[in-house]
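Chemist: sequence and computational prediction follow.
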Amino acid sequence: MIQDTRDSEMLRAYLAGRDRECPMCRYNVRDLTTGKCPECGAELLLELRPRHGRFGLWLTSIVGLALTLGVCLFALLVFLILTITHGMNEWSTFWFIPVFAGVCGLGLAALVVYARRFRSAARGPRVAVAIVSVASLGLVTYLILLTVEVF
């Protein structure tokens with residue numbers, strides 16, 4: 001209990017005269033009088049952390065999506081060349097390639113725009129995004145190889 005009181009006092013002293021946002025709702029908690037955000041009720045804690053979050057999972061997600069997008073664009077180019085040179089008109093078989101390219105492009109844009117929020121999020125969701133990003137490369141490659149085998 002004594003530690004909680006001391007922590008709360010330190011938090012109030014730190015926020016006195018400083019504009020800072022609640023990490024949950026972005027409400028300005030300047031001159032806070034309690035240890036909770038008055039807007040959303042989140043308990044606030046004064047702690048030390050790196051100025052910039054770790055980049056490992058964020059970079060893994062970026063690389064996974066970028067490679068998947070590259071594979072999709074390369075496959076689209078190959079199928080476009082085959083369509084032009086050999087008259088192949090089986091685009092209904094390859095519908096998933098532009099879909100994956102679009103999803104990967106949107107995912108990359110979101111990761112770049114929301115990089116700070118991603119890096120400060122809980123570890124579980126960041127790991128999940130990284131796994132899905134890397135797995136998408138394997139899935140797209142598998143689907144392309146499976147589709148090519150059909151022909």
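Modeler: Nice, I can see it. Numbers count the residues shown, from 1 in each chain.

Chemist: flag the helix or strand of the protein with the lowest per-element mean pLDDT.
Modeler: helix 2-15 (a mean of 76; mean pLDDT, DSSP states H and E).

Chemist: how far off centre is that one?
Modeler: Taking Cα atoms, centre = their mean, to the nearest Å, one finds helix 2-15 lying 33 Å from the centre of the chain it belongs to.

Chemist: surely Leu11 meets Asp31?
Modeler: No: using Cβ atoms under 8 Å, Leu11 makes no contact with Asp31, being 11.5 Å away. Yep, even glycine has a C-beta here, placed from its N, CA and C like the rest.

Chemist: higher neighbour count, the two?
Modeler: Leu11 (18 against 11; other Cβ atoms under 10 Å).

Chemist: nearest residue to that one other than its sequence neighbours?
Modeler: Leu46 (4.5 Å; Cβ to Cβ, 6 or more residues apart in numbering).

Chemist: doesn't that neighbour lie inside a helix?
Modeler: No: Leu46 is assigned coil when assessed by DSSP: H, G, I helix; E, B strand; the rest coil, not a helix.

Chemist: could you list the low-pLDDT ranges of this structure?
Modeler: Residue ranges of the chain with pLDDT under 70: 1-4, 49-53, 90-91, 149-151.

Chemist: buried residues, the least confident helix or strand of the chain. List them.
Modeler: 8, 11-12, 15 (16 or more other Cβ atoms under 10 Å).

Chemist: quick revisit: show me the contacts for the residue nearest to Leu11.
Modeler: Each residue near Leu46 by Cβ atoms under 8 Å, 6 or more residues apart in numbering is listed here: 7, 10-11, 14.
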